[in-house]
Every structure is written in C-alpha cells, then in structure tokens.
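S.K.: just the structure for this:
(chains A, B and C)
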Amino acid sequence: MLGYVLKRLVMLLPVFFAVSVVIFAIIHLIPGDPVDSLLKVGSGPEQRAILTARYGLDRPLPVQYAIWLGNLLTGDMGTAIVGRRPVADLVMAALPHSLALGGLALLFSTIMGIGLGVIAALKRDTWVDQAIMGGVLIGSTLPGFWLGLLLILAFSVHFAWFPVSGARGWSSLVLPVLTIGLGGTALVARVTRVAMIEASGRDFVLLLHAKGLHPLRISLRHVLRHALIPVVTILALRIGWVLGGAVTVEVVFARPGLGTLLIKALNQHDYPVVQACLLMLAMAVMLGTLLGDILQAAMDPRVRAALA
Amino acid sequence: MTALADSPVGRTLRTPKGAIAGGWIVLLILLAVFAPLLTPYEYDVQNLPGAFAPPSAQHWFGTDEFGRDLLTRILYGARTSLSVSAIAIGLSVSAGMVLGAAAGYIGGRFDRIVTSIVDLTWSFPEILVALILVAIIGPGITGTLVAIGVAYLAQFTRLTRAQIMAIKGETFVEAARSLGATDTHILLRHLIPNALAPVLVSAMLATGDAIILEATLGFFGLGAQPPTPSWGGMMSSGTAQLFKAPWIILFPGLAVAITVIAINLFGDALIRALDIRSRMRSA
Amino acid sequence: MTKRFRHAAFAATVSYFALMGTTPAVMAQEAVFVLPLSEVGVPSYNIVTQGNTNLGAYMIYDTLVVQDADQSFHAGLATAWVEAPDGMSWTFEIKPGVTFHNGEPLTAAAIVAWLGFFTDSDNSFTTQSIEKAEATGDLTVKLTMKNPDPNLLFNLASSTMGVIEPKAYVEMGEDYGVTAAVGTGPYKMESFAIGSETVLVRNDDYTWGSDLADNKGPAKIARITLREIAEDSTAFLELKTGGVDMLMSVPTDFLGELAKEPAISTLTLPGLEVVYMPINVTKAPFDDIKVREAAAFAVNQQEILDSVYGGVGAVANQFLISALPESQVDPKYLISYDPARSAALLDEAGWAMGADGIRIKDGAPLAISLWTQSDSSFRRLAEVVQAEMKAVGIAAEITTFDSSTIRDQYKTGEQQLAVRSYWWANADIVDWFFGGDRLGYPNVSMFNDPKAEVLRAAAMTGSKNSEERIANFKAYHEYVLSQFTMAPIYQPVQNIGYNKDRLKMPATIRAPRINGQTILSMEIIE
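M.R.: Just a heads-up that it's a prediction; the model follows:
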C-alpha cells in the first residue's frame, strides 16, 4: 500500500512540472505590464527599464521560469509586485479561510448528499426519490453567485441572522458554506443513489437477504459500505474543485481567500501572486485526485489484492 | 414523422420529463428569436425616470436601473446567453472530437501528448480556466466564447477518446479494414458515428453548465458588454441594486436556473432513451 | 487510518478556531469604518509618492497646518507661522514634545528631511515653490521660496503632507507605507492589506491634537478597522445590519433606505468631488475640437443628477467644486447639456447622421471607446453616458478596468472618452489633470497646449497673493474649458452614514471632511 502511494506521488512530479510550465507561460500571455503600476507619473523608458530589471522581468522567459521554480522549491514564492510583500505570506493568510470554507462546504455536501442519496435509493422510484433527486438537481443548477445573493437577501438582510460579508467569526461562514455546499450535494447524492442501487443488486446482498437479515440493516451496514467507494472517490476529486470553484462565492461574500486573492492579483497584473494562487489550486486538485485513487485502493478489496 | 417519433429524441419527448424540458427549451428559443415581435420595448433605450419600477402590468418583470423593461432584456439576453453557450460548446465538441478521435485511433505517443495536454486544463475548475483565458483575450463575447470552449475541451476529448478506444477493436471495424478501407474512412464512417451519441448528449448537458459559466463571467463584468444584454451581465449590474430592486437579479437568475434544469432533465431523459448510461460513464 | 485522519482534521479545526478567535465580531472600543469608493485600492501609505490617499493617512500622520470646514487654517504640528511681506520666506514654529510612533522626537531637522522627500516625487508640486528648507532652531523651520506661494498652507494641510518620520522612511525604502508607516498621528498602523483593510490602533502617547480637535488626545476609540468594500450595496448592507459602524460615503441610491433605519444617522458635508468625462484631445475624432465640443454638450447633467443620483448634490458645469472662487468662470465657458448644439457641431465637422442613428464620415462610423472603472456606480454612469452619446449619433463602446489598474491603462494614452471623478478642494487640480508633463495619467485628456502651459505657469508659480492666484487660475481654468478637454457631469455631497447607537460624533465637524482630528473626538457608546 505504501509502495503504491509513493509510486503515485512520484508520478505526480512530471504533472506538477507540466502544470507549473503552463501556469508560468499562460501568465505571460496576459496583456498589461505589472511595472506600469509602479511607475511614477511622467517617468520615461529609463525608469521603466530599471524597474523591469529589478523584478527580473527583462530576462528571457525560460530563465525567469527557472528562477521562479528554483525559489518555489525552497518555499519562496517571490514578492508581490503591487503588494510588495512575500507572496507566501499572502497565500498563507488566505489559505486558512479557503480551507475552512472549502472543508465545511465539502462536509456539508457529504452529509447531505450521502443522506439524501441513501434515502432516495431506499425509496427508489417512489415520489420521495423523485422529490429528492429533483430538489438536488435544482440545487446544482443555480448559479453560485445568484444563490449567494439570494441567501444574503433572505438571511442577512431580512432576518439579520448572519453577516452580509467578510470573514469575522463563525457566523460569516454559514451562508458561503451553504452556497457552495448545495451545489456539491447534488453530485454526491446522485452518485450515492446509483451506487446504492447497483450494490444492492450484488450477489452478497441477495445472500444476506436470503439469510433473513433486516432489509434496512442490510442497506445501511452492508450496501452503503460498498456504495461509499465511488462516493469517496468523487469527494476526493472535489477537494481541489471546491477551493477553486469558490472564487465567485468568495467574491459575493467579500471573503478573504485564494479566490479573491487570485481575482485581485489578476486585475492588478501581479504575476507572482497569480502564479502562486493557480499553483496552489492546481496542487489541491492533483492531491485530491491522488487521495481519491488511494482511498479507492484502500477500500476496494479487489484493488487492494491486486496491489499486494 | 414516424421516423422522428421512433427516434431517441421522439422517445424522449414522449416521457413527461422530456416533454416539459424539451418544451421549455423550444419555447425559450422561439421567444429569443421572435423577441422583437413579442415586446413593445427596446432592450437598449433608457428611460431614467422610470428606473427601478417593480413588476407591474406594464413591466411584468419590472424595470432595471436605467428604466429598461426587464422582460425584454431577458428575452434579448436569451439570445446572447444561449447562442454564446451553444456556439462555445459546439466549437469545443468539434475540436474535442477531432482531438479525441485522433488520439484514440492513432494511439501511442500522439495519444499520450494529446491526453496530457488536455489533462492540464483538467487540473483547474472551468471557472478558473475561463477567468484566466478572458484575462488574456479580453472581456466581451469573443473572450467568453473561447474561454468556455477551452474550459470544456478536456471533457469532450477524453470522452471521444474513450469511446473510440472502446469500439476500435470491434469486429465491424476489423471487417472494414480487411475490406481495404483507409484510416480516415474508418474513422469518419464507422468510429465517429458510433461514438457520437454519448458525446452529443454530454455536449447537451455541458451546454447547461456553459450557460452558468457564461452568467458567471457576465457577473464578473467580463461577458457581453453593455448595452448588449446577457443574463449574467444583467445580474452583475443588478447586484448593486440588490436591496433596492431585487427583481433585477431575481428574474435573470430564474431564467438561468430553469433553462439549466430543463437542459439537464432533457439530457437525462435522452440518456435513458438512447440507453447509453454505461457508455457515458466510461470517460 | 480513519482515526488519524480525524485527529488531523481536529487539529486543523482547532487552529482555525484560534485564528478566528483573534478577530471577534465587535469588541468594545473597537470600530469598523468603510472607506469611500474613491479611496478603495490605495496601494500604500507612502503619502509622498501616492497621488491618492485614504482616511488612514489622516489618522497615521499629522499635518503642520489643519484646515477648518470654512477653509481657514489653524495650528496643527506647527503652533505658529509667519510669512515674509514679500512672500519669499516662511517661518514655522513646531509644537514641542511631539514624538513619532517609533519614539523619535519631532524636530525642525526631521521636518526639513521630510520636505526633501517630495523632490522628484509624484507629489512634488506641493513643495515646488520651496527653494530651501532649513532648521533655524530645534523647533523652528525656515522656508526660503522660489516664488511667493499663496497655496502653501493648503498644501501643508493636505493629506499628502502628513509628516513622516524620516529615518524610518529612508530605512524601509520601497516597503515604506506598505508593511509599516510611521507618523505622529493619533493612530498607529497595525496591519494593512491592500484593497482589503487597514487596522489602526490608538497612539496612547498622543496629546497634541490640533486647534480644531475638542479632544487633544489620546483618541477615545482604541482600535479602528478601515474596510475597503468595492461594492456599494455590500457596504450599505453592512451598515444596515450592524456589521460596520460608519460608511464614509453613502451612495445616494441608499439615502432613502438609510433614513428608514432607526439606528442610522446621516451626516452631510459639502462635496469635495467632481465627476467628469475626460476627452482625449489627441485621439481622432476628438483631435477635432468641434467633435469634442459636441461630445461635451451631449452629456445631460440634469438628467444624471435626477435619475442616477436621486437629485442629491449638484450638476457640474465646469471642472472645480463650486465652493472654490476659481469655479466662478465667465458663463460663456460653462458646459451644459445642449443636444441641438452637439448635432449642429457634428454636422459642421462632416459627421452626417447615418441610417442606424450613428453618424458617418467618409464611410466610417463615429464609434469611440468609453473607459471607466469596474465599480458598479461608474459602470452605471458610463451606461447612461453611452446612451446620451448614442442620442446624438456617437456609438460609444464601454470598456471597464479594475480601479487599481485603470491609471496604468490611461498611461497608454489609448483612451478616447472616460468617466471618472476626482476629490480635491483646490484650483491646482486643473494643473494636476491638464499639465502637459503628466500626459496619460493624471492628464487623461492628453492635453498639451502652449497657451495653456503659459497660463498654468502663471497660476502655479506667478501669483504673489491669493487674489492674483485666483485670477490666474480662473484664466487657466477658463482656457482649459474652452478647449473642451472634458465634460463636467456631477458634484456629489459627502453623505456619511453611521450607527448612532454605537458611535458618538463630535458636536461639530471642524474639517472639510472626516479626518484624524475628527476621529480623535469620536466615541463608542457602551
């Protein structure tokens, strides 16, 4: 098992390098020069050249990339051009907020999704199933920013239960978590339902039924365990997506986080910050995928056997 | 007529879900096309004293911050939102099918290169890919088109490739080859048509997601530029009026939600009618 | 495995709790203010190099001189000053016992060193009339002038001339103003996140409040967070729901709603801002003065005031706030909506009305770009202007930029029309936005005209006293108006909304705007 994990980690390295090259290259396609915002009023090409040289922006792109990557490996993400402070500080300040939001949203979709999926599967093809699946479908088709705005209107303005924006205290997390979580619930519920139905048709389940075990007990103890394999995989895959996809919700709720940091840096042409944010988000997706594969391997006895 | 009734689309439309969803999509397209005939208002003529009028008999959905009829803007906005999403997905599917089919059929190093390049965009949520691409291309309809197209490229390439891989070993392909058919002929006449159904259905579902993505880019002010209406753009400027005139964001949002739900329901029903559920998941 | 995972998750949660715990929602003696939209995104508290400053600068720094609401000048860090009869020198007496936030004493030498920083800076215009500054005593500074400067006290009272501790300024280099800022003001900078918030803590040593402050110090509120909220509606909702205590600028759209809130009071101060539409005189078709004039007269100031700003404030028909004497130009220079005049001018310039309502000349449509920043209030105004341009046959395409990058975009000189605003209460703003050596930004109009430069030099450096300065600036202002370098649009008033259950304001606001000296006397109601 450990060997498998290590092997998968090693396999991530080339992907990481490829992603880093793409991020670096793409950033330099964005029109606009970060040096512009630093130039004094009325300064000429000489001052521009000096500033460009100071930030190393005058060197050939491959050299810039090599320097960036070299620094990155030592944990140095460079200095924000506009913010003039270490990018690592900015990212580390934003990360806890993103992780809290993403983690809680994922938790919410997991609990809601599995719960609803199980109920829908147990009541398969009844009106309960239809209602649940219809409800989660609606939840997944609402644009996140729109849902967020409606939640603000209802629960911050009308009822004044939660703050409108910002990240002060726990109550400010409720609405953003709900906004992101509702979107993810649909996916988890759908996968859970299908997996439950598929698993309940397996031979061992039929055997348990033949043994005379209580059907509910079979469903919740045995079927669910099997059904969870694809669900967990999907959840792990969602980790990175929840972080990156939170961009709009972070903006709507004016919350600090990787998303707002990225958008702001993108608008300010602050390359080092954009690069760092994208890299963090890409890594989150990669690690999520890896985690999904590993969990799948750990839970699925067939895969485990094949690896042993 | 019988041919249509027996086709998968016909079978889909005979299910209640499919009929309602399909009906809405057709209705919406008709409304968008015939918008100028249906509304007495212009989408871009401002009437500032009449701004922020709540829904009423004159203005069913109220007016926006410039006194423009919201229903009119939603109808015209449907043109932008639907066409941008559909064209973007159309481009994405075409490119994805060519890439995916070539990769799946040729295999080897070419396959690995295509797959790994395409997988790179897979490392980011669509909204991030789109935001970065719009930053490069610039805001507006072109930027949005390309951004959405590229954001979904990976999905179609992977799906097509998987379909081709699955069927290229089948007997009818071998038979065609033994009869001396060229690679292009096999690819165009046998493989792609057989791979088509799942790809087209997933394209339909992706169009729903693309409508949301287009609205989100519009929300960031990056989509169609004023005075051209788009659902996302309308909600973007409505955000500032959230408290004063909530109908400005309410109705375009409902338009997005209902349309995306309809597309999803229709897609689901189509999958059932085509009986391709298992093939949809092979990607 | 599960157990270990749970443990890790728990640890992460706990550390997040700890992190969140440091910022409880509302603490006693702590207040949250929201900066006006025009002050969002200021990248640094290095006020020497910043053309744009925010309220925080007034709180971190003190100025030598302070200005009252009636525009008169009073003692700040300088207790007294004398101008030589010929205006060629000034002597300032510095208040004793004042220390900077880093413990350094405020001395005449520190003032001299600080004044030196302005040379070659973006704000060099504030000190350009000073030939030499010297310390003639421990607490006495003598300024020798190049030319008499009737505007010196105004400059010394302006937000860019808060006194900075020179040693820290030199030591920190480019980081100054971002990671730390050292002044003598009633508040110290604790943290600053660009575009997000500044946390300021009370300077407990502060006892040197200006002549205009009721409370000489220390400040009554222990800790103030200045939040930057780019979206007006969010800021408004925060005030309404008690998330913040004061909005420095309430959009007129929300005044009606705020009036319904029992806990909210609104304070109105005279406006210091002008909203206008610069016209790039170098870009065709606006290199033709007739087309510029036509565009300027197509803007419907009254309609905008009534419909976009709810009738609050006033129309603008020239470039300066109307409280300034230099704004009283000859009526023939005023720019006020006249679509017939626009149409006639465009016809004269050869732009004939086309079938689709857009004018055409030599087969090319009259299509131009209209730039603005992406904040919703500017976007909305730009859309109205776009429709007004369309009404006279000009097709304007709106392009929006982030407020932090639009200045860089102006520096390219590619703009044609733009919608923007400035905040300044002195006629020298004409020099700032139309001076031939600042093309691109701040001179968005790219105006560089020999006659204007002559008038400008007379206004900036050739005035011996206030009367002469007013006359010179009026002449310069009139000439700039006559060249249709911009279209004036709107003069807002300052609407400050605050939670009166939480915040007690000083009885009178003795300043043109809320500043550090006003905040010194504000109290939290327990």
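
S.K.: element containing C:Val163?
M.R.: Assigned by DSSP states H and E, C:Val163 belongs to no helix or strand.

S.K.: wait, I meant C:Ile489
M.R.: Per DSSP H and E: strand C:486-491 holds C:Ile489.

S.K.: flag every residue of chain A that's near chain C.
M.R.: Residues of chain A lying close to chain C by C-beta under 8 Å from any C-beta of the partner chain are A:32-33, A:36-37, A:39-42, A:82-85, A:93, A:96, A:99-100, A:103, A:152, A:156-157, A:160, A:163-171, A:254, A:256, A:264, A:267-269, A:298. For glycine as for every other residue, the C-beta is placed from the backbone atoms N, C-alpha and C.

S.K.: pull out the buried residues from the residues you listed.
M.R.: The neighbour-count criterion (16 or more other C-beta atoms under 10 Å in any protein chain shown) marks A:32-33, A:36-37, A:39, A:41-42, A:82-85, A:93, A:96, A:99-100, A:103, A:152, A:156-157, A:163-168, A:254, A:256, A:264, A:267-269, A:298 among the residues of chain A next to chain C as buried.

S.K.: show me where the stretch 151-300 of chain C has strands.
M.R.: Taking DSSP state E, counting those that start in this stretch, the strands of the stretch 151-300 of chain C run over residues C:187-193, C:197-202, C:223-227, C:246-247, C:264-269, C:273-278.

S.K.: give me the neighbour count for residue 255.
M.R.: If you meant another chain, say so; for now it's chain A. Per other C-beta atoms under 10 Å in any protein chain shown, the neighbour tally for A:Arg255 reads 22.

S.K.: my question was about chain C
M.R.: Counted with other C-beta under 10 Å, C:Leu255 comes out at 17.

S.K.: please apply the same query to C:Asp287.
M.R.: As a burial measure, C:Asp287 scores 12 neighbours (other C-beta under 10 Å).

S.K.: tell me how many other residues crowd residue 65.
M.R.: Chain wasn't specified; assuming chain A. A:Tyr65: 17 neighbours (other C-beta under 10 Å).

S.K.: the chain in question should be chain B.
M.R.: Residues near B:Glu65, counting by other C-beta under 10 Å, number 23.

S.K.: thinking again about what came up before, out of the buried ones among the residues of chain A next to chain C, which sit inside helices?
M.R.: Counting by DSSP state H, those place A:Ala93, A:Pro96, A:Leu99, A:Ala100, A:Gly103, A:Lys264, A:Asn267, A:Gln268, A:Ala298 in helices.

S.K.: which two in the residues you listed are spaced the farthest apart?
M.R.: With C-beta to C-beta as the measure, no two of these lie farther apart than A:Gln268 and A:Ala298, at 43.4 Å.

S.K.: what's the closest non-adjacent residue to C:Gly311?
M.R.: Among residues not flanking C:Gly311 along the chain, C:Leu305 sits closest, at 6.3 Å (C-beta to C-beta, 6 or more residues apart in numbering or on different chains).

S.K.: need the contact list for the one you found.
M.R.: C:Leu305 sits next to C:Gly311, C:Gly313, C:Ala314, C:Val315, C:Tyr490 when contact means C-beta atoms under 8 Å, 6 or more residues apart in numbering or on different chains.

S.K.: the last one bridge partners, please.
M.R.: What it means is C:Tyr490. Residues in a beta bridge with C:Tyr490, per DSSP bridges, are C:Val275, C:Val315.

S.K.: pLDDT of stretch C:237-255, averaged?
M.R.: For stretch C:237-255, mean pLDDT is 89.

S.K.: spell out the secondary structure type for B:Met235.
M.R.: Judged by DSSP: H, G, I helix; E, B strand; the rest coil, the three-state class of B:Met235 is helix.

S.K.: state the distance from the residue nearest the centre of chain B to chain C.
M.R.: When C-alpha atoms, centre = their mean is applied to chain B, the residue found nearest the centroid is B:Thr207 (1.8 Å). Distance, B:Thr207 to chain C, using C-beta to the nearest C-beta, to the nearest Å: 28 Å.

S.K.: tell me the secondary structure at that residue.
M.R.: Assignment for B:Thr207 (three-state DSSP): helix.

S.K.: so it makes contact with B:Asn264?
M.R.: No: B:Thr207 lies out of contact with B:Asn264 (C-beta atoms under 8 Å); the separation is 10.1 Å.

S.K.: I'd say C:Gly516 and C:Thr53 touch.
M.R.: No: between C:Gly516 and C:Thr53 there is no contact under C-beta under 8 Å: 11.8 Å.

S.K.: settle it for me: which of these two has more neighbours?
M.R.: More crowded of C:Gly516 and C:Thr53, by other C-beta under 10 Å: C:Gly516, with 29 against 21.

S.K.: is chain A within reach of stretch C:427-441?
M.R.: Yes: for stretch C:427-441, a contact with chain A is found by C-beta under 8 Å from any C-beta, at C:Asp437, C:Arg438, C:Leu439, C:Tyr441.

S.K.: run the chain-centre distance for that stretch.
M.R.: Here the centre of stretch C:427-441 is set off from its chain's centre by 15 Å, with C-alpha atoms, centre = their mean, to the nearest Å.

S.K.: end to end, how far does it reach?
M.R.: Distance across stretch C:427-441, first residue to last, is 18 Å (C-alpha to C-alpha, to the nearest Å).

S.K.: any residues touching that stretch, and which ones?
M.R.: With C-beta under 8 Å, 6+ apart as the contact definition, stretch C:427-441 has outside contacts at A:41-42, C:51, C:125, C:151, C:278, C:319-320, C:324, C:326-327, C:407-408, C:410-413, C:422, C:424, C:442-449, C:452-453, C:456, C:459-460, C:469-470, C:473-474, C:476-477, C:480, C:485.

S.K.: distance of B:Ala262 from C:Ala294?
M.R.: Separation of B:Ala262 from C:Ala294 (C-beta to C-beta, to the nearest Å): 48 Å.

S.K.: those two - which one has more neighbours?
M.R.: Comparing B:Ala262 with C:Ala294 by other C-beta under 10 Å, the one with more neighbours is C:Ala294, at 31 against 22.

S.K.: for the more buried one, give me the pLDDT.
M.R.: pLDDT at C:Ala294 comes out at 97.

S.K.: residues contacting it?
M.R.: By C-beta under 8 Å, 6+ apart, the neighbours of C:Ala294 are C:Arg341, C:Ser342, C:Ala343, C:Leu345, C:Leu346, C:Ala349, C:Val392, C:Ile394.

S.K.: give me the phi and psi for A:Gly201.
M.R.: Phi and psi for A:Gly201, reported as degrees, to the nearest 10, are phi -90, psi 0.

S.K.: count of neighbours near the closest residue to A:Val174 other than its chain neighbours?
M.R.: Nearest in space to A:Val174, with sequence neighbours left out and distances taken as C-beta to C-beta, 6+ apart, is A:Phe162 at 5.1 Å. With neighbours defined by other C-beta under 10 Å, the count for A:Phe162 comes to 22.

S.K.: tally of neighbours for the residue lying closest to C:Val291 once chain neighbours are set aside?
M.R.: Closest residue in space to C:Val291, ignoring its immediate chain neighbours: C:Pro285 at 4.6 Å, by C-beta to C-beta, 6+ apart. Residues within reach of C:Pro285, counting by other C-beta under 10 Å, total 22.

S.K.: wait, doesn't C:Pro285 sit right on C:Ile368?
M.R.: Yes: assessed by C-beta under 8 Å, C:Pro285 is found in contact with C:Ile368 at 7.1 Å.

S.K.: B:Thr142: how many residues sit nearby?
M.R.: B:Thr142: 12 surrounding residues under other C-beta under 10 Å.

S.K.: helix/strand/coil for it?
M.R.: Following three-state DSSP, B:Thr142 is assigned to helix.

S.K.: how about the secondary structure of C:Pro96?
M.R.: Recorded secondary structure, C:Pro96: coil (three-state DSSP).

S.K.: what's the neighbour count on the spatially closest residue to it that is not a sequence neighbour?
M.R.: Once flanking residues are discounted, C:Pro96 sits nearest to C:Leu139: 5.9 Å by C-beta to C-beta, 6+ apart. C:Leu139: 21 surrounding residues under other C-beta under 10 Å.
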